[in-house]
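Asks: Have a look at this fold, sequence not included:
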């Protein structure tokens, strides 16, 4: 089977599941229901949970042997060795405030590598997607990362310095921002999409969980970029992520890991 068609059915189901979740987000903007605080003090609404239920039903009906890990509900083990990774409503805070950068994220990982990724931003009318060997797209138009080669000319985005405070990594994040030509505010999954589209050159988040970044890692890679954890390993489950145009990646890692 050619790479161009290998993941076609999985991508179609992921795309449909993300679209359905996005439609639910738009429909529930004025009636979000109860909002609670999770153990990490982040908010979770009834819409988050409803979106995850919807996405799970879609994915597991099509691929019942696959595993699934999502942000809001217990994981499904599966027997195929393949794992769907789901953030049903990425950007709950923006969603609750009416900021249009909230999204639904769906990816498929095989042996820890994202092979399908969908980022759907319903309020912006943008859907990013990609699959291994087939390229990355935004609303049907092929994406390519930027060609910026120097940090001093780069536009980047970081998230996490406020959480890390005076810890060494927090200080290094601020040092990285000082090296860039311009540091743009973090916009949840939209920031990841902007790297894939060449609008931003790089993004660093030391607090991203697997469901925050897996879809983006596939899409950015297929757009010609690179992803890694904070130490350069191509992983989505280390608790932090760097996505870039590839040309800047080693320079960013050098700043983040400076002694």
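Replies: Great, that's in hand. Just so we're clear, the structure is a prediction, and the values are computed from it rather than from any experiment. Residues are numbered from 1 along each chain as shown.
Asks: Which residue ranges of the stretch 101-250 of the chain form strands?
Replies: Along the stretch 101-250 of the chain, the segments classed as strands by DSSP state E, counting those that start in this stretch run 103-110, 113-121, 126-131, 135-138, 141-142, 155-158, 182-184, 202-205, 226-228, 241-244.
Asks: could I get these as a markdown table with distance to residue 19 and mean pLDDT?
Replies: To be clear about C-beta, it is placed using only N, CA and C from the backbone, and glycine gets the same treatment. Output for these, formatted as a markdown table (distance: least, CB to CB, whole Å; pLDDT from 0 to 100):
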| stretch | distance to residue 19 | mean pLDDT |
| --- | --- | --- |
| strand 103-110 | 8 | 98 |
| strand 113-121 | 6 | 98 |
| strand 126-131 | 7 | 98 |
| strand 135-138 | 14 | 98 |
| strand 141-142 | 17 | 98 |
| strand 155-158 | 26 | 96 |
| strand 182-184 | 27 | 89 |
| strand 202-205 | 24 | 96 |
| strand 226-228 | 24 | 98 |
| strand 241-244 | 23 | 98 |
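Asks: pLDDT value on the residue nearest the centre of the chain, please?
Replies: Geometric centre of the chain, nearest residue: residue 213, 3.2 Å, by CA atoms, centre = their mean. Residue 213 carries a pLDDT value of 97.
Asks: so it touches residue 243, yeah?
Replies: Yes. Counting by CB atoms under 8 Å, residue 243 is a contact partner of residue 213 at 7.3 Å.
Asks: Just give me the residues shared between the contact sets of the two.
Replies: 192, 227 (CB atoms under 8 Å, 6 or more residues apart in numbering).
Asks: ok, and the closest non-adjacent residue to residue 9?
Replies: residue 62 (7.6 Å; CB to CB, 6 or more residues apart in numbering).
Asks: And the one you found, how far from residue 10?
Replies: As judged by CB to CB, to the nearest Å, residue 62 and residue 10 stand 8 Å apart.
Asks: Those two: who's more crowded?
Replies: Using other CB atoms under 10 Å, the more surrounded residue of residue 62 and residue 10 is residue 10, with 22 against 15.
Asks: ok, now which ones touch the more buried one?
Replies: Applying CB under 8 Å, 6+ apart, we find residue 10 in contact with 63, 108, 115, 116, 131.
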